[in-house]
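**Q** my questions are about this predicted structure, shown below with the sequence.
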Amino acid sequence: MRYSILILCIAFFFFSCAKEEENLPNLSLETASIGEQSLDPDGSSIDNAPTDRPITLTFSHGIAEEALPAAISLTDNEGNTIDFSYNLLTNKKTLTLSPKGGLETGRTYTLKISPSIHSTNTAGFAGATLIFSTKAGEMLLTEINFEEGIKLGTNKYHQVNPSLKATLRFDAPISENSRSDIGNLVKITGDQAGSLEFQWSEDFHTLSISATTALQELKQYTLSISEQLLGEHSEYFGGYSLAFYTGTNGIAKFPLISDEELLTKVQRQTFEYFWSFGHPVSGMTRERNTSGNTVTTGGSGFGAMAMIVGVERGFISRTEAISRWVKMVDFLAAADRFHGAWPHWIHGETGKTIPFSTKDNGGDLVETALLIQGLLTVRAYLNTSSATELALSDKITQLWEEVEWSWYTKGGGNILYWHWSPEYAWEMNLPVRGYNEALITYVLAASSETYPIAKGVYEEGWAKNGSIRNGGTFYGEILPLGSDRGGPLFFAHYSFLGLDPRNLSDQYANYWEQNLAHTKINRAYCIENPKGFAGYGEEAWGLTASDNHQGYNAHSPTNDLGVISPTAALSSMPYTPVESMEALRYFYYDLGERSWGEYGFKDAFNISENWYADSYLAIDQGPILLMIENHRTGLLWDTFMKDPEIQNGLEALGFSY
């Protein structure tokens with residue numbers, strides 16, 4: 001009986017165990033993910049999986065660690081096995097796999113979990129296959145270099161050699177398909193751009209490009225790289241576009257001559273503006289090469305001085321110069337004047353005023369001063385032992401003495417005024433205050449023996465009781481006077497065509513130091529080129545008043561429109577002889593006919609706008625000719641400064657010279 005009961009118990013135990021095992025739940029994969037991207041446990045392929053995140057598997061029940069990692073494999077689409085490390089969390093249900101070295105972009109991976117994975121308290125596992133593709137990574141252009149060129153900003157270059165040699169470096173190798181189609185993916189567009197030649201580095205990261213035909217000089221082009229460019233592992237590229245400007249090709253546009261010969265050539269050709277293009281009736285200087293009968297007062301003062309250079313350089317005879325001066329002086333004696341001052345513009349045949357603007361239809365004291373500076377230089381040059389020249393000298397003296405400088409203080413105030421009109425009186429209301437181009441106006445007003453001003457007019461009016469001073473440092477240069485960074489460069493030219501700055505000082509400044517600092521600051525600004533204009537550099541510099549692509553403006557470091565005016569650098573020859581000569585060579589040899597023409601250097605250019613002036617202006621041509629001569633011989637300075645009246649005026653204002 002006992003044995004029967006025992007057998008029955010054993011049988012019941014085995015039956016119960018078998019029944020319990022039959023009811024055990026199956027092990028299942030409940031979730032799978034890579035980073036935040038969910039994977040499909042049923043085996044559907046998933047795209048755009050990240051490459052640098054672990055794979056996380058979550059099971060329905062805890063799994064036995066001893067079954068790992070043999071039960072799991074990871075392979076790529078080429079059949080390569082990917083090694084990984086794993087971590088089974090304490091609940092035994094969550095398993096993370098971290099591929100060693102990460103996954104590669106643009107590839108398909110297969111993760112297989114075999115049925116051999118198990119847990120002690122579950123039934124079997126059916127196995128799982130997960131397929132996913134990593135997203136293609138972004139390929140970056142990490143470096144671009146032109147063999148010759150200057151970076152203007154993050155996405156612009158200038159002075160690129162027209163032969164165009166450049167290298168592009170990517171952070172991933174370029175795919176074979178893209179390499180075979182590179183001519184359609186990398187292009188240069190612009191004026192007569194032509195085709196490119198390509199060369200790859202061994203690792204296919206670097207592409208060298210060159211133009212099969214040289215690009216045009218001083219033109220804008222665009223280098224573009226298509227977004228269709230792909231990396232070796234399908235890395236995508238966001239596309240790229242870069243603007244650049246070519247420089248000159250380094251080939252001289254005219255035959256090479258010595259620097260001295262070149263200076264003479266520039267003076268000779270510029271002289272023709274004042275001589276051959278002088279007004280046939282009045283002998284005066286036309287405002288510009290399209291002015292017809294409009295002659296300019298200040299520019300004619302430059303023209304009168306230009307003829308001294310013409311005689312001394314052998315461009316014309318002394319007799320020819322005397323004849324032209326007589327014609328000019330006789331015309332000026334009969335032309336409109338307003339308390340002795342001439343208007344800005346005069347009709348070259350009639351001598352009548354041509355309004356410069358509506359209310360500017362009377363006397364212009366600053367233009368008159370520029371004219372008188374020229375006439376007094378001529379007077380000092382004349383040989384009074386000659387009856388003809390003595391008569392001319394007397395005529396100049398009469399014109400000089402008839403200018404009512406003190407009357408232009410507007411009723412005896414301590415400042416000179418620029419304009420007076422019989423119709424509008426003082427409505428222009430423009431006081432002549434420093435610092436600008438008008439220092440010569442106060443010097444002449446103090447030098448007059450008929451209508452002089454007192455020193456107080458200079459102190460209060462021009463010097464503003466000392467507030468004319470600057471004293472700031474710009475680009476390492478101390479600027480004694482004027483506005484920050486100096487203003488347009490003609491401030492250093494117009495008054496100093498005759499007025500010699502070499503040893504000129506008053507209580508406010510040494511004027512050589514003033515003009516030297518002003519010039520160096522202007523050039524340094526152009527080299528820095530903070531606005532990123534094409535064409536600026538060590539050889540192409542100089543901001544001053546001139547024509548531009550929009551009309552006319554007084555260009556300066558604080559009013560920079562991308563316009564280089566040759567007169568700025570060339571008229572600064574006495575101050576920066578080496579740097580100005582470099583600019584002259586560039587304007588002549590490199591720019592060639594873009595800059596050089598019938599009357600010397602054309603007025604201005606703007607490479608960024610593909611604009612080159614075809615104009616010549618008297619007030620820009622004159623300083624080129626005259627300041628080059630002052631650099632070479634000091635001729636105009638020495639001649640003007642020997643005038644005893646000028647010496648008296650300077651001393652009256654407290655100048656040493």
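**A** Received it, and whenever you're ready, just let me know what you need.
**Q** how about the contacts made by the residue nearest in space to the middle of the chain?
**A** By Cα atoms, centre = their mean, the mean C-alpha position of the chain lies nearest to F533, the distance being 2.4 Å. Going by Cβ atoms under 8 Å, 6 or more residues apart in numbering, F533 touches L152, D560, G562, N606, I607, S608. Just so you know, the C-beta spots here come from the backbone N, C-alpha and C atoms, and that holds for glycine as well.
**Q** ok, Y157 next?
**A** Going by Cβ under 8 Å, 6+ apart, Y157 touches F146, G149, I150, K151, L242, A243, F244, Y245.
**Q** which stretches of the stretch 151-300 of the chain form strands?
**A** Using DSSP state E, counting those that start in this stretch, the strands of the stretch 151-300 of the chain run over 156-160, 165-170, 186-190, 196-200, 206-211, 220-225, 236-237, 240-246, 294-296.
**Q** scratch that, the stretch 351-500 of the chain is what I was asking about
**A** For the stretch 351-500 of the chain, the strands defined by DSSP E, counting those that start in this stretch cover 353-354, 363-364, 419-420, 473-474, 477-478.
**Q** what about this protein, any weak spots by pLDDT?
**A** Filtered on pLDDT under 70, the chain yields the residue ranges 1-24, 43, 120.
**Q** domain parsing for it?
**A** Annotated domains of the chain cover 25-135, 139-246, 259-652 [automatic domain parsing].
**Q** how long is the last one from one end to the other?
**A** Spelled out, that is domain 259-652. The first residue of domain 259-652 is 41 Å away from its last residue (Cα to Cα, to the nearest Å).
**Q** before we move on, back to that, okay, the domains of the chain in TSV with distance to A252 next?
**A** Below are the domains of the chain laid out as TSV (distance: least, Cβ to Cβ, whole Å):
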stretch	distance to A252
domain 25-135	53
domain 139-246	13
domain 259-652	4
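**Q** any idea which of these gets closest to K253?
**A** Counting by Cβ to Cβ, K253 lies closest to domain 259-652 out of the domains of the chain; the figure is 2.7 Å.
**Q** which of the contacts of F533 tops the neighbour count?
**A** Neighbour counts for the contacts of F533 (other Cβ atoms under 10 Å) peak at I607, which has 26 neighbours.
**Q** can you pull the contacts of that residue?
**A** I607 touches H158, L218, Y245, F533, A534, G535, G562, counting by Cβ under 8 Å, 6+ apart.
**Q** out of those, who's nearest L370?
**A** Nearest to L370 among these: G562, at 28.3 Å, using Cβ to Cβ.
**Q** what secondary structure does the spatially closest residue to the closest one that is not a sequence neighbour sit in?
**A** Nearest residue to G562, sequence neighbours excluded (Cβ to Cβ, 6 or more residues apart in numbering): F533, at 3.8 Å. Three-state call for F533 (DSSP: H, G, I helix; E, B strand; the rest coil): coil.
**Q** list the helices and strands the helix or strand E582 falls within packs on?
**A** Following DSSP states H and E, one finds E582 within helix 577-585. Counting contacts by 3 or more Cβ pairs under 8 Å, 6 or more residues apart in numbering; DSSP states H and E, helix 577-585 packs against helix 259-275, helix 566-570.
**Q** ok, and what's touching the longest one?
**A** Read that as helix 259-275. With Cβ under 8 Å, 6+ apart, helix 259-275 has contacts from 257, 285, 289, 302-303, 306-307, 309-310, 313, 315-316, 324, 570, 581, 584-585, 588, 598-601, 616, 618, 621-622, 624-625, 628-629, 632.
**Q** just the buried ones from these?
**A** Among those, those that count as buried by neighbour count (16 or more other Cβ atoms under 10 Å) are 285, 289, 302-303, 306-307, 309-310, 313, 315-316, 324, 570, 581, 584, 588, 599-601, 616, 618, 621-622, 624-625, 628-629, 632.
**Q** among those residues, which are located in strands?
**A** If you go by DSSP state E, these have G600, F601 in strands.
**Q** inside helices: which ones of the buried ones among the contacts of helix 259-275?
**A** Members of the buried ones among the contacts of helix 259-275 lying in helices (criterion: DSSP state H): 302-303, 306-307, 309-310, 324, 570, 581, 584, 618, 621-622, 624-625, 628-629, 632.
**Q** and among the helices and strands packed on helix 577-585, the most buried is which?
**A** Of those, the one with the most neighbours on average (mean count of other Cβ atoms under 10 Å) is helix 566-570, at a mean of 29.
**Q** show me what that one is in contact with.
**A** Here helix 566-570 has contacts from 266, 488-490, 493, 522-523, 541-544, 546, 576, 579-580, 583-584, 587, 595, 601-604, 620-621, 623-624, 627-628, using Cβ under 8 Å, 6+ apart.
**Q** 7 Å - rerun?
**A** By Cβ atoms under 7 Å, 6 or more residues apart in numbering, the residues outside helix 566-570 that reach it are 489, 522, 541-544, 546, 580, 583-584, 587, 595, 601, 620, 623-624, 628.
**Q** before we move on, what about stretch 29-36?
**A** Contact with stretch 29-36 is made by 39, 41, 49-50, 53, 55-60, 113, 128, 130, 132, as judged by Cβ under 7 Å, 6+ apart.
**Q** out of these, which is nearest to D638?
**A** Relative to D638, the closest of these is P50; by Cβ to Cβ it sits at 81.4 Å.
**Q** who touches that closest one in this structure?
**A** Residues near P50 by Cβ under 7 Å, 6+ apart: I34, G35, Q37.
**Q** over to it: give its phi and psi.
**A** Dihedral pair for P50: phi -70, psi 160, per degrees, to the nearest 10.
**Q** for G137, see how far away it is.
**A** According to Cβ to Cβ, to the nearest Å, P50 and G137 sit 10 Å apart.
**Q** return the distance of Y494 relative to G278.
**A** Distance from Y494 to G278, counting by Cβ to Cβ: 20 Å.
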